[in-house]
Every structure is written in C-alpha cells, then in structure tokens.
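Participant: What follows is a protein structure lacking sequence information:
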C-alpha cells in the first residue's frame, strides 16, 4: 500500500499549497494589494520548496500528470455546463459582435506570438552561437494564449514524436510566466481604468472581500455577499450531488478514452502527406476530443429534457477548482535546471510577447467601441494566461459581471476553437515536422489574415450600431406619435 500514496500525497501537496497561498494572500499586505490569486502564490511557494529539495521524495515530474488531468477536467466540465441565463446587462452591442472582437484579438495573438518566439530564439542562436531549438521559442504561443494544459499537450507531442528536448517543460515555463505577466501588467492597467472612470459598471470596486480573498460573514458596509455554490440535484440519502456530477464527467472521460483507443487502432501508422494521423488521436490531445464528447453529451441531455438533472453552478465550481489545481501544478512542475539553462531566451521571448499582446489588445479594444476598455483588459488576460485569467481581470472593472462582456467571453470560447481549428487541431501537433519558412508562413499568415479582418469588423460594427440607433429612434417617435393625448400630457409634465 505504501507505493499507492505517491500520487495521493502529490495531490495533497497541491491542495496544501493552495491553502497556504490563500492564507498568505489574506495575511501579507503587499500580496493583498497585488491581488495575485492564491493558486499563483501557492504555486510559487511549491516551486521554491521543490527547488531547494524541501519536499523529500518528490520532484516536479510528480505534478506534471496531475496538471494535465486537471486541465482536461476544467475544459470538460466547462463544456458540460449549459447556456447562461438571460439577464439585464450594461450592453455594448451584440454579444456576437463583442465576442468576435475578442476572438480576433486572440487569433492574431496566436499567430503573432508563435512568430515572435521562433524569430527571437533563432536570433539569439545567431548572436550567441547557441544551438537552442527555435521550436522552444515557437511553443510560447501555446503557453501564453492557451495556458499550461495545451503547452504540456503540444510540448509532450513535440518531445516524444519529434525529439524536441524539454519542449513540454519550456511550454509549462511559458504558461507560468504568462500568468505572472497577466497580473503584473494587467492589474495596474485595471486600476488606472478604474481611477479614470473608464469602466461602464460604475458600481464595480475593489472591496475588502476582493482584497482579502475571502468573503466576510455578512454584506455590511456594501461588501459583496458570499454566493451559494449551487443546488442539490440528487437526494443525499441516495447519492451526494457533487459525486453525481463527478460521475457525469467520469462517463465523458471513459467515452473519450474508448473513442481515442478505437481511432488509434483504425488509423495505425497512416501518414498521408507526411502527417502522422495517429498524433491527432493520441491521448495527449485528450482535452480536445473530451471537449467534443461533453458538448454532445450536454446537447443530448438537453434534447431529452433532462437538463434539470444537472446543476450548472456545481459544474462551474468543478471548473474553477480544476483551474486552481492546474495553475499551482503548473508552477510546481517547472524544473529549475531547465529554467536556469534557458532563462535569458525565455525571458526575452516572454517580454516581447507580452508587449506585443498588450499593444494589440488595447488597440483592438479601442476599435470595438463601447466596453472597449473591458474587452482590452479581458483579451489581454486571455492572451497571457487563460479564460480564467481574463475573467479575473474583467472582474476588477465589472465585479458583478453586469456588462455584456462575460457573455461575449462565453461566445469567444467556442469561436476561437472553430475559427482556429485547422491550426489547433492539424498544424500545432505536427509543427516540428515543418520547415521554418512553412511555419512562419502559416502562423504569420494567420496573424495577417485576422489583422486584415479588423477594418471589416469595424465597418460592420459601425453600420450595425447606426442601424440600431436609427431603428430605436424611429420606434420611440412612432410610439410617441401613436400615444393618447393624456399620455403625451403626462410625459410632458414629467
């Protein structure tokens, strides 16, 4: 039985780091002021403990597998969650149009970051005489725009299938630095926007609960009241509701595993045009196939009228918890030796990508019109971390999510996959098999294509806004013209 505890204690250490991170965040004044999430605080603490060998018997590799599966769970539980309920919002126009602005910002960053990373490492090799693989620069886009899960996924494929040494580790390092950059740069920008009153939701503010990281026992003095965690679906005398929802995820996990195993047997070693089809159906891409399985499961459940048997808030808590464990696991999976050996090129790439992403997101946010500041900050968080990072930065300007941007972000999550499907599903797994010129043509061409779409998107948004304003004005005029005289008198008197 002793051997079985290695993985269990590794999970317990992740949970312990999260707990310690939350305590430090609430107790240390400068951590409260920085608003850094407990997952990052705990992850950095765990990384230091491992680097100084203060967790005997454990190494960064013990946390890599856990990180991968928590990332997969976060995506699958998110896709099992149903559509958000309609509610009044401080709108910024069509949710689809707003979501498309976010999608364009992310899609441009996906291509641009890969090109920047590849060119910087290539230039670094020329200047210093080093022999670092340029693909270790290219993988930055999967660490920054997509987060640790995809960085680990694609890095693992590049490493095992194409011999790119340390690709998974470097991808994880980029993902960790992306989280840090999002908060180091994003939080001061959010504060500046708040001080200047750029936020549409003027009720949004940094209250004590936000800074402390814990809700107070009451909602006195205007503090945010602690929300509920969802409703019970199954009777506790039969089955606990949390176990029931975990069981749904388990079903999706098993179906995805069986699907991949079946397809691997069908495809075998087929490599048309030099593309290893087996790579596209490897378990390293479990999250992509699992995403599809969960979407289909939810569609079938809703079509059968069984949506009441799922509590979306419970699934959101599973998603949020998985993201927390994923972030702390990402930081604890970093091998200090790899980081030290590649510190200079990794920092150069990270800084250049952060600056480029910030400039692009701010400019696109301004083009998007109303709620542009919220979109700029949200898209920057998504391009330097994950959707969760973008939501956290957005919450600083829209604490109760009363604008339309959160709904735009929900549309964005689906749109980026559909719009970038060829790159994410076909090109990204086989990148090291491409020549440098082909890679730059594909990723650079993708960035240029979506950049060229910006003027068209701007014209479409302007035309729709003018049409909507004209329709609204005409409706008001016709309503007043058709109103009884008594109503017009009341309106004039008011």
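Facilitator: Nice, I can see it. No experiment lies behind these values; they were computed from the predicted model shown.
Participant: chain center to the helix or strand containing residue 12, what's the gap?
Facilitator: Counting by DSSP states H and E, the secondary-structure element that holds residue 12 is helix 5-27. Taking Cα atoms, centre = their mean, to the nearest Å, the mean C-alpha location of helix 5-27 is offset from the chain mean by 22 Å.
Participant: What's the first helix or strand after that helix?
Facilitator: Next helix or strand after helix 5-27 toward the C-terminus (DSSP H and E): helix 29-34.
Participant: which stretches of this structure have low pLDDT?
Facilitator: 83-93, 201-207, 210, 217-227, 271, 273-276, 388, 399-401, 410, 464-494 (pLDDT under 70).
Participant: residues near residue 237, how many?
Facilitator: Using other Cβ atoms under 10 Å, the number of residues around residue 237 comes to 6. For glycine as for every other residue, the C-beta is placed from the backbone atoms N, C-alpha and C.
Participant: In a strand, it, correct?
Facilitator: No: checked against DSSP: H, G, I helix; E, B strand; the rest coil, residue 237 lies outside a strand; its state is coil.
Participant: tell me the helices in the stretch 151-300 of the chain, going along the chain?
Facilitator: Counting by DSSP state H, counting those that start in this stretch, the stretch 151-300 of the chain forms helices over residues 167-195, 208-212, 241-267, 277-280, 286-303, given from the N-terminal end onward.
Participant: Now do the helix holding residue 12: which elements does it pack against?
Facilitator: Counting by 3 or more Cβ pairs under 8 Å, 6 or more residues apart in numbering; DSSP states H and E, the packing neighbours recorded for helix 5-27 are helix 29-34, helix 38-51, helix 61-80, helix 312-332.
Participant: quick one: residue 328 and residue 44 touch, right?
Facilitator: No: Residue 328 is not in contact with residue 44 according to Cβ atoms under 8 Å; the separation is 9.1 Å.
Participant: Would you mind telling me which of the two has the busier surroundings?
Facilitator: Neighbours per residue (other Cβ under 10 Å) separate residue 328 from residue 44, with residue 328 holding more: 33 against 20.
Participant: Could you find the closest non-adjacent residue to the more buried one?
Facilitator: If the residues on either side of it in the chain are set aside, residue 328 comes closest to residue 43, at 4.1 Å by Cβ to Cβ, 6 or more residues apart in numbering.
Participant: Same check on residue 367?
Facilitator: Closest residue in space to residue 367, ignoring its immediate chain neighbours: residue 458 at 5.3 Å, by Cβ to Cβ, 6+ apart.
Participant: From the rest of the structure, what touches stretch 320-337?
Facilitator: Counting contacts by Cβ atoms under 8 Å, 6 or more residues apart in numbering, the residues outside stretch 320-337 that touch it are 13-15, 17-18, 21, 37-40, 42-44, 46-47, 50-51, 60-61, 63-64, 66-67, 70-71, 73-74, 77, 147-149, 152, 169, 172-173, 175-176, 179, 386, 388.
Participant: in the helix holding residue 12, what counts as buried?
Facilitator: Within helix 5-27, the residues that count as buried by 16 or more other Cβ atoms under 10 Å are 10, 13, 14, 17, 18, 20, 21, 22, 24, 25.
Participant: quick one: it to helix 61-80, angle?
Facilitator: Following axes from the mean of the first three to the mean of the last three Cα atoms, to 10 degrees, one obtains 70 degrees for the angle between helix 5-27 and helix 61-80.
Participant: who touches helix 5-27?
Facilitator: By Cβ under 8 Å, 6+ apart, the surrounding residues in contact with helix 5-27 are 31-32, 36-43, 45-46, 55, 57-58, 62-63, 66, 212-214, 324-325, 328-329, 332.
Participant: next one: stretch 171-186
Facilitator: So stretch 171-186 is contacted by 34-37, 40, 43, 64, 67, 139-140, 142-144, 147-148, 151-152, 154-155, 327, 330-331, 333-334, 338-339, 342, 346-347, 349-350, 354, 358, 377, 380-381, 384-385, 389, 393 (Cβ under 8 Å, 6+ apart).
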